[in-house]
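> structure here, sequence nowhere to be found:
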């Protein structure tokens, strides 16, 4: 029996929960290329994403040239060295062993920005909280992440970067705010437990606590 439009079966809901459970931040990739049509299909998730005032402020830049990739990778290495210097004791030892970027192996690199200067949406909802544009971009990335996972692909969000340096190296407009550097490809392994949890860096909260006012 077909479900009415906008309504979903228990089986679908179970599969959606499983998809979200298997969404992982991947750092270990195979170097095999990703078919272009598959990338295009996953990118269509951005067209379904919500955005404040329907501003659609996301701006995507595919980082392909050796020069651009080298600049971004050098940015990570420098930022990572500073982050390691900020740790001490056992945490420093553990940090030094973590793999925190798949930039060297992932076949597809996307730099994602928020256009704070967009006129689309006429400022609706962003006048009092301009940061909602950036939240909109993050929400769109989440949908993209799930679309990739549904196809068997992995995404790794590299956050250990100098945003200003990256924007300069990629020569983006001044109104573009850096949101995330995404490495995409086929995962080297499948594991639904976060690598940081497996390494002993941190544990996931057992329960979600919601306060009431």
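Received the coordinates, thanks. Just so you know, these numbers come straight off a predicted model, no measurement behind them.

> I figured residue 124 hits residue 118, correct?
No. Counting by C-beta atoms under 8 Å, residue 124 sits too far from residue 118 to count as a contact (11.7 Å). For the C-beta atoms, the positions are set from N, CA and C on the backbone; glycine is no exception.

> spatially central residue in the chain, please.
Computing the C-alpha centroid of the chain and ranking residues by C-alpha atoms, centre = their mean puts residue 157 first, at 4.1 Å.

> are we agreed that it is in a helix?
No. Counting by DSSP: H, G, I helix; E, B strand; the rest coil, residue 157 is not part of a helix but strand.

> ok, it - contacts?
Residues counted as contacts of residue 157 (C-beta atoms under 8 Å, 6 or more residues apart in numbering) are 25, 141, 180, 181, 182.

> try residue 183
So residue 183 contacts 26, 27, 29, 101, 102, 103, 106, 108, 109, 155, 156, 158 (C-beta under 8 Å, 6+ apart).

> so what's it bridging to?
residue 109, residue 156 (DSSP bridges).

> need the residues touching each of residue 124 and residue 118.
With C-beta under 8 Å, 6+ apart, residue 124 and residue 118 have common neighbours residue 55.

> between the two, which is the more surrounded one?
Set side by side, residue 124 and residue 118 show more neighbours around residue 118, with 20 against 12, by other C-beta atoms under 10 Å.

> nearest spatial neighbour of that one, chain-adjacent residues omitted?
Excluding its sequence neighbours, the residue lying closest to residue 118 (C-beta to C-beta, 6 or more residues apart in numbering) is residue 57, at 5.1 Å.

> my guess is that neighbour meets residue 119, correct?
No. In this structure, residue 57 is not within contact of residue 119 by C-beta under 8 Å, at 10.6 Å.

> looking at these two, which is more packed in?
For residue 57 versus residue 119, neighbours defined as other C-beta under 10 Å are more numerous around residue 57 (27 against 8).

> how much space between the residue nearest to residue 118 and residue 63?
Residue 57 sits 20 Å away from residue 63, going by C-beta to C-beta, to the nearest Å.

> residue 97 now?
Distance from residue 97 to residue 63, by C-beta to C-beta: 27 Å.

> which of those two has more neighbours?
Per other C-beta under 10 Å, whichever of residue 97 and residue 63 has more neighbours is residue 63, with 21 against 9.

> who does residue 59 bridge with?
Bridge pairing for residue 59 - DSSP bridges - gives residue 113.

> ranges for the helices of the protein?
10-21, 36-43, 45-48, 66-85, 89-97, 132-150, 163-169, 195-199 (DSSP state H).

> need the residues that contact the helix or strand of the chain with the lowest mean pLDDT.
Least confident helix or strand, the chain: helix 195-199 with a mean of 92, by mean pLDDT, DSSP states H and E. Applying C-beta under 8 Å, 6+ apart, the contact partners of helix 195-199 are 24, 25, 27, 94, 97, 98, 99, 191, 202, 203, 204.
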